[in-house]
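Participant: Could you look at this predicted model? Sequence included:
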Amino acid sequence: MKLVFATNNPNKIKEIQHILGDQVELLGLADIGCTEDIPETATTLEGNALQKAMYVFEKFGYDCFADDTGLVIEALNGEPGVYSARYAGEAKDAEANMAKVLLKLENEANRKACFKTAIAVVIGGKKTLMNGEVWGEILREKRGAKGFGYDPIFQPEGYALSFAEMDLAEKNKISHRARAVQKLVAFLNR
Ligand code: IMP
């Protein structure tokens, strides 16, 4: 079957194509000629993932899945959540985003947070949602230089390393995205 992954990130496509094997031909947005910015105006991760997958299904006629990820911080009532990429402004600057989180949590003892990835799948118009989470804590300062986004200030529960101090293979064993993708693979292979 052909399945579109509503992303422009070739690395994400390659990674999931590898897991799915050759019974699914994974196509990216460029492969189907979708060059416009797909609206992401929902107020939840699930809502955004569904909005993206439905856009491709309705406009291009392909079965599709889409993901959306956010960092959910308990003491900030779930912020930055769905606004994680642009928490400190439209520049989508990871350093500025982390600085904003650290400042807001400066005098906060509750450091509990989770990364959450929502995936929406639309097959023949039928919608299915799944998600993956990893819980941990927001550190008091940045640690490590690997990874991206909020990785330097997030330490998963049960580990002494931040995500930015872990090798990618180690992060991928426990990450929100990996957990959501495992559910997607189980769903597609059902
Ligand atoms: P997206 O939905 O995958 O584009 O993720 C939205 C935003 O969440 C990114 O711009 C990052 O700021 C943050 N993010 C997503 N995944 C990760 C991760 O694995 N580590 C750190 N930050 C992440």
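Facilitator: Now that the structure is in, tell me what you want to look at.
Participant: CA only for contacts and neighbour counts going forward, please
Facilitator: OK.
Participant: By mean pLDDT, flag the weakest helix or strand of the protein.
Facilitator: Every helix and strand of the chain was ranked by mean pLDDT, DSSP states H and E. The lowest is helix 10-20, at a mean of 87.
Participant: which residues make contact with that helix from outside it?
Facilitator: Helix 10-20 is contacted from outside by Phe5, Thr7, Val24, Glu25, Leu26, Leu27, Gly28, Val181, Val185, using C-alpha atoms under 8 Å, 6 or more residues apart in numbering.
Participant: Then stretch 120-132?
Facilitator: Stretch 120-132 is contacted from outside by 46, 49-50, 53-54, 57, 63-67, 116-119, 175-181, 183-184, using C-alpha under 8 Å, 6+ apart.
Participant: returning to that earlier point: what's the PyMOL line that selects buried ones from the contacts of helix 10-20?
Facilitator: Here is the PyMOL selection string for the buried members of the contacts of helix 10-20, based on 16 or more other C-alpha atoms under 10 Å:
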select buried, resi 5+7+26+27+28+181
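Participant: Show me what from this structure comes close to the ligand.
Facilitator: Among all residues of the chain, those adjacent to the ligand (criterion: C-alpha under 6 Å from any ligand atom) are Asp68, Thr69, Gly70, Ser84, Ala85, Phe148, Gly149, Tyr150, Asp151.
Participant: Identify, from those residues, the entry nearest to Arg190.
Facilitator: Using C-alpha to C-alpha, Asp68 comes nearest to Arg190 of the residues of the chain next to the ligand, at 23.0 Å.
Participant: Isn't that closest one up against Gln51?
Facilitator: No. At 10.3 Å, Asp68 does not count as touching Gln51 under the criterion of C-alpha atoms under 8 Å.
Participant: Show me where the protein has its helices.
Facilitator: Secondary structure of the chain (DSSP state H): helices located at 10-20, 45-60, 94-104, 168-174, 176-188.
Participant: any idea which of the ones you listed is most buried?
Facilitator: When those are scored by mean count of other C-alpha atoms under 10 Å, the highest mean neighbour count falls to helix 45-60 (a mean of 21).
Participant: and that helix, average pLDDT?
Facilitator: Here the mean pLDDT over helix 45-60 is 98, rounded to a whole number.
Participant: Quick one: list the elements packing against it.
Facilitator: The elements that helix 45-60 packs onto, with contact taken as 3 or more C-alpha pairs under 8 Å, 6 or more residues apart in numbering; DSSP states H and E, are strand 64-73, strand 112-123, strand 126-138.
Participant: re the thing from before, can you list the contacts of helix 10-20 in a markdown table and add pLDDT?
Facilitator: Listed next are the contacts of helix 10-20 as a markdown table, based on pLDDT from 0 to 100:
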| residue | pLDDT |
| --- | --- |
| Phe5 | 97 |
| Thr7 | 96 |
| Val24 | 91 |
| Glu25 | 95 |
| Leu26 | 95 |
| Leu27 | 97 |
| Gly28 | 97 |
| Val181 | 93 |
| Val185 | 91 |
